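[1] Pasting the sequence and the predicted coordinates here, then a few questions.
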Amino acid sequence: MSLPQFKEQTPKDPIEEERERLEKIVRGIPLRIGVHAGKGGVGKTFIATQLAMAMAAEGKRVGLIDADVDCPNIPEALGLEAEMRVAENGQLLPVEHGGVLIVSTGFMQKRGEPLIIRGPIKHRLLTDFVEKVEWGELDVLVFDFPPGTSDVPLSAMQVASLTGLLLVSTPARSAIADFERAAGMAKRLSVPVYGAVENMAGEVFGQGTVEKACEQLGIRYLTSIPLSAAIREKADQGEIALPEDNKNALLSAF
Ligand SMILES: Nc1ncnc2c1ncn2[C@@H]1O[C@H](COP(=O)(O)OP(=O)(O)OP(=O)(O)O)[C@@H](O)[C@H]1O
Ligand SMILES: [Mg+2]
């Protein structure tokens, strides 16, 4: 008679456990895109929402996560007044607009109510947005990043093992400096860059500097979107507002 065999049990590292859990969820989504700039106010939310709606119009199943968890702008950017509800199984139900499934803390907080939280709680929220939302089957998951090159952009890259980034910059000098930092972050963390978009081009901020920066950085330059009241007004109504050539150039990156 032999004695029962006891295997030595080492407790799993909780970070590694979380990574494995999330990996199982996201690996079924072929495209996981972060819209990144470094700089604030250059049109990340505008591009993320326009890209998501344009992809949905092409028949893709698209999810959109507002990763700007303490100052979420997607609801206002699309003119949406909605609340996220909780399903019977406890999962969050995304808000649907233009064929895109959207989650945002803006759908959870009252207007004017601030979320005053530190990095680890933001990380937790992003994790929940990936694993505690009733996404169904997705072809694409887009993350609308907040400004900066730490905290949330870093967490988003981790929780969704992003397949790549779409970079956005205005032609202005300060935006280009942050754009270079965002590109540097992608390089340092070995996250591919699908391409870069110049936004708000024209008389006010100039034109052509993003293309130049892309040449220097070895990044695929996609298109230059003009600063235009007509584009903003249409976008504010939650519609696809990008001129056809800009839209096609953007879609060609994926
Ligand atoms: N090409 C454009 N023409 C006109 N208005 C634009 C254009 N792109 C963006 N905007 C407007 O500029 C404002 C800032 O854009 P947006 O909120 O998308 O920037 P952001 O980079 O997401 O900002 P934040 O860093 O605060 O998240 C918005 O009101 C948006 O509608
Ligand atoms: Mg934004």
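    Arrived safely, thanks for sending. Residues are numbered from 1 along each chain as shown. Ligands and ions are numbered 1, 2, ... in the order given.
[2] now the helix or strand hosting Leu250, how far from the chain's geometric center?
    Secondary structure assignment for Leu250, by DSSP states H and E: helix 244-251. Chain-centre distance of helix 244-251: 18 Å, with C-alpha atoms, centre = their mean, to the nearest Å.
[3] Quick one: mean pLDDT for that helix?
    Averaged across helix 244-251, the pLDDT comes to 98.
[4] With stretch 42-54 instead?
    Stretch 42-54 carries an average pLDDT of 98.
[5] got it, and stretch 111-119?
    Per-residue scores along stretch 111-119 average to 93.
[6] before we move on, what about stretch 133-141?
    On average, stretch 133-141 scores 97.
[7] buried set for the helix holding Leu250?
    Neighbour-count burial for helix 244-251, counted by 16 or more other C-beta atoms under 10 Å, picks out Asn246, Lys247, Ala249, Leu250, Leu251. For glycine as for every other residue, the C-beta is placed from the backbone atoms N, C-alpha and C.
[8] That helix packs against which elements?
    Contacts defined by 3 or more C-beta pairs under 8 Å, 6 or more residues apart in numbering; DSSP states H and E place helix 244-251 against helix 44-57, strand 221-226.
[9] With ligand 1 in mind, check whether that helix reaches it.
    No: if you take C-beta under 6 Å from any ligand atom as the test, helix 244-251 misses ligand 1, and the best it gets is 8.9 Å.
[10] residues in contact with stretch 146-157?
    With contact meaning C-beta atoms under 8 Å, 6 or more residues apart in numbering, stretch 146-157 is reached by 34, 36-41, 44, 65, 67-71, 119, 122-123, 126-127, 143, 145, 162, 178, 181-182, 184-185, 189, 191.
[11] In the stretch 101-250 of the chain, what residue comes closest to ligand 2?
    As assessed by C-beta to the ion, ligand 2 sits closest to Asp144 within the stretch 101-250 of the chain, at 5.8 Å.
[12] what do you get for the chain?
    For the chain, C-beta to the ion, closest residue to ligand 2: Thr45, 3.3 Å.
[13] Next, check the contacts of stretch 146-157 against the strands and list the overlap.
    Among those, DSSP state E puts Gly34, His36, Ile65, Phe143 in strands.
[14] What are the buried residues along the helix or strand that contains Ala156?
    Assigned by DSSP H and E, Ala156 belongs to helix 151-159. For helix 151-159, the neighbour count (16+ other C-beta under 10 Å) marks Val152, Pro153, Ser155, Ala156, Met157, Gln158, Val159 as buried.
[15] I'd assumed Gly28 was in a strand, is it?
    No: read with DSSP: H, G, I helix; E, B strand; the rest coil, Gly28 is coil and lies in no strand.
[16] need the contact list for it.
    If you count contacts by C-beta under 8 Å, 6+ apart, then Gly28 has Glu137, Leu138 around it.
[17] again, but for Pro94
    Contacts for Pro94 (C-beta under 8 Å, 6+ apart) come out as Gly63, Met84, Leu101, Ile102, Val103, Val133, Glu134, Trp135.
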